[in-house]
Structure formats: C-alpha cells, structure tokens
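S.K.: build me a structure from this.
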Amino acid sequence: MERSFVERALALPGRIVDQAETSIKDYAVSEWERAKAAAEMLVRLPHHLADMLADSWRGPDVRALTARERLTIVDVFGYRARPELLRIVNGPGLSSIVRAAFRNGNPAITIGNTIYLNPASKWPARDLTTTRDGSGAALLVHEVMHTIQYRELGYARFLARYGGDMATTKGDAHEMYRYYKRHRSFDGEMLEGQAEMVGDYHGLQNNADPKLKARRDDLRRRLKGTGIYGL
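M.R.: So this is what the prediction gives:
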C-alpha cells in the first residue's frame, strides 16, 4: 500500500504539467487544490520519501550551489548547512505549491532542500551572492534556514508550525517576518521570523554604521547560543 501511495505521489508532477485549464478562475482554484494535495502528500510520507517527492518537482531549471554560495552558507550555519543536498531553481519548476506561492507574489520559497526563485523578483539566476547590496546573500541564508527547519522538524511539523504561525497572525503573512515586534528568543520565534533574523544579521554583522548598532546588538543577543554565525 505504501509503495502504491509513493508511486502516485511521484507521478504527481507529470499529472500537474499535463493538465490544461480553460478558465483563469478555474485555473487558480485548481492550482490551489493541487498545491494542497501536494502538501498533504509531503506530510503523509516518511521524511526520506517526502524528500524524494519534493526533489522530483525541481524540473529542468535546477542548479547546484556555486562555490561562493556554499562558502557563504557554511560560514553562517556550519555543519547544518548541508550544501551538497541543496539545489536552486529559477522559476516554479514542476511544483504546484511554488506556482501558487509565486502567484501570491512571494519572491522565493523553499520546499525541503530546494530553493525556488521567483523570476519576477529579478534575483541573479547564476549566483545569489553577486548582488552589490548583499540582498541576494541575505535571501540565500534566509532560505537555507528554511531547509534546516524542514530537515530538523520534518515536513509534518514544519507545515503544522507554519500554519500555526499564520493563524497567530490572522493570515497576515508579512507579520510572520517581523520578529523585531515580538521580543522573542530565536527558538521561540516564528519560522519566518527565525529565517529573517538570519538574513538581516548577514547584512549587519560587519556594518560599522553606529546608527545600526542597536539593531545589530539585538540580533546578536537573539541569535546567541544557536551556533549560527558562530554565536
């Protein structure tokens, strides 16, 4: 029975690609339903099989991390980074979850070990560390934090906790990122808040601007004891 379920799960990307919609409204509804069905499969499968399913959605526009990207995330996360497992996709790949997220305006989304970049957000497709303002590297470490959350929590706990965070903010996704309003430690923070702390500190850790000292010190205090950035 489990094998049959896994086979159906792994066939999902092909079915998604093959289905054509005749109406914009119907497409949006069916896209959302497919995204929900895909998420339910991830939750039901054992973690290693959920990883296999999630990996199968990457599609042809997938790449490994560059040497600079690998160095960046290992410097931040140490052994937890696991760069050899990670992949980056420019676009939604074959994932209905990602397509639904991009339709909602998300600049990027992570599923398991895969980071998907929304082409509309104009992220550099070949290396996220090449943006002059450091925003690409900040995004990279933010999304890699999510890969660690998936790995350490598992898909079911990650998605349940994410849903709980969304319920707490009454559906305001932006509020999930605003850790600075909640005065929580890293471990007690929402999943997006944790990732946002990591991304924000990346741009502040070596910034000597005295106007940013209070914010930098606050993030260092929140991150202390996590091992992230060696803190």
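S.K.: can we go C-alpha only for contacts and neighbour counts from here?
M.R.: Noted.
S.K.: please, which helix or strand holds the residue most central in space within the chain?
M.R.: Nearest to the mean C-alpha position of the chain, counting by Cα atoms, centre = their mean, stands Thr110 at 2.6 Å. Applying DSSP states H and E as the criterion places Thr110 in strand 108-111.
S.K.: tell me the strands beside the helix or strand just after that strand, with direction?
M.R.: Following strand 108-111 in sequence order, the next helix or strand is strand 114-117 (DSSP H and E). Neighbouring strands of strand 114-117 in its sheet, by DSSP bridges, are strand 87-90 (parallel), strand 108-111 (antiparallel).
S.K.: show me what strand 114-117 is in contact with.
M.R.: 54-55, 58, 86-93, 98, 107-110, 123, 143-144, 147 (Cα atoms under 8 Å, 6 or more residues apart in numbering).
S.K.: what are the contacting residues of stretch 159-166?
M.R.: Val43, Asp172, Ala173, Met176, Met190, Leu191.
S.K.: could you work out the most separated pair of those residues?
M.R.: Distance extremes for the contacts of stretch 159-166: the farthest pair is Val43 and Asp172 at 23.5 Å, using Cα to Cα.
S.K.: okay, these two: which has more neighbours?
M.R.: Set side by side, Val43 and Asp172 show more neighbours around Val43, with 18 against 12, by other Cα atoms under 10 Å.
S.K.: element containing that one, please.
M.R.: helix 24-44.
S.K.: tell me the helix or strand right after that helix.
M.R.: Next along the chain from helix 24-44, counting by DSSP H and E, comes helix 47-56.
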